[in-house]
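J.: pasting the sequence and the predicted model now:
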Amino acid sequence: MRETPSKSASVRRAAARGFVLDRTFYARPALVVARHLLGKVLVRRIGGRELTAPIIETEAYLGPHDLASHASKGRTPRTEVMFGPAGCWYVYLIYGIHWMLNVVTNDVDHPAAVLIRGAGEWTGPARLTKAMSIDKSLNGAEAARSSGLWIEDRGIKMARGAIQRTPRIGVDYAGHWAARPYRFVVDAADLREV
DNA sequence: GCAGTGATCATA
DNA sequence: ATGATCACTGCC
């Protein structure tokens, strides 16, 4: 994608101005966090380099009553992180191959999280984690610079109508919860720098 | 359409 | 210890 020199400069300044989302952002209902993560920028530090990608697809997992959520099975070693403070990563392996990246939401002892399904050019939660070298070593870590994986607000805006809601993917086992529109998607073309 | 892949959890 | 399940992907 070609840009004029002045546009490139403004993008760099906008990036430098980005601020890291903190616990107050995540300590809200999963549906609110899932919606507001669209357009925020996932940042992964690997060595001295930073990989960045605007989030374009999320899913909310509400709590123990949500039969699509791992938390509906109760407190286990795997789900422990979801019972902890908001703003920590919940990373787990699925089908023996794929790492899934979630961020914990709500309050302590309210196990809820948002699955990050797509960012930048990467569609699909497993392709995203593969591209960003995300695995179990991040499970339980804070979404902060200290962990090497965090999310920033870089001022990207989108039209309200650009956001689509659909049922969540791959949770047909969850009865009527499978049909609830807890998946949020925005077309990358609808993201706008400010 | 469906195989691959192995952690996780319930059951025993 | 064993077996079922799985918030997916890639290849048929």
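T.: Great, that's in hand.

J.: pick out the residue closest to the middle of chain A.
T.: For chain A, A:Ile116 is the residue whose C-alpha lies nearest the centre (C-alpha atoms, centre = their mean; 3.4 Å).

J.: mind listing what it touches?
T.: The neighbours of A:Ile116, taking C-beta atoms under 8 Å, 6 or more residues apart in numbering as the test, are A:Leu37, A:Leu42, A:Ile55, A:Glu57, A:Thr58, A:Leu101, A:Asn102, A:Val103, A:Pro125, A:Leu128. Every residue, glycine included, has its C-beta placed from N, CA and C.

J.: so it is in which element?
T.: A:Ile116 belongs to strand A:113-119 when elements are defined using DSSP states H and E.

J.: who does that strand pair up with?
T.: Strand pairing for strand A:113-119, using DSSP bridges, gives strand A:49-61 (antiparallel), strand A:98-104 (antiparallel), strand A:122-123 (antiparallel).

J.: list just the one of the ones you listed that sits closest to DNA strand B.
T.: When the strands paired with strand A:113-119 are compared for distance to DNA strand B using C-beta to the nearest atom of the strand, the nearest one is strand A:98-104, at 7.0 Å.

J.: just the buried residues of that closest one, please?
T.: A:Trp99, A:Met100, A:Leu101, A:Asn102, A:Val103, A:Val104 (16 or more other C-beta atoms under 10 Å).

J.: between those, which is nearest A:Asp22?
T.: Top of the list for closeness to A:Asp22, among those and by C-beta to C-beta, is A:Val103 at 11.9 Å.

J.: so the closest one makes contact with A:Ala27?
T.: No - if you go by C-beta atoms under 8 Å, A:Val103 and A:Ala27 don't touch, sitting 11.1 Å apart.

J.: any common contacting residues for the two?
T.: When contacts are counted by C-beta under 8 Å, 6+ apart, A:Val103 and A:Ala27 have A:Ala86, A:Gly87 as shared neighbours.

J.: remind me which residues of chain A are low pLDDT?
T.: Across chain A, the ranges flagged by pLDDT under 70 are A:1-17, A:194.

J.: how does it look with 90?
T.: Of all residues in chain A, those with pLDDT under 90 make up the ranges A:1-17, A:159-160, A:192-194.
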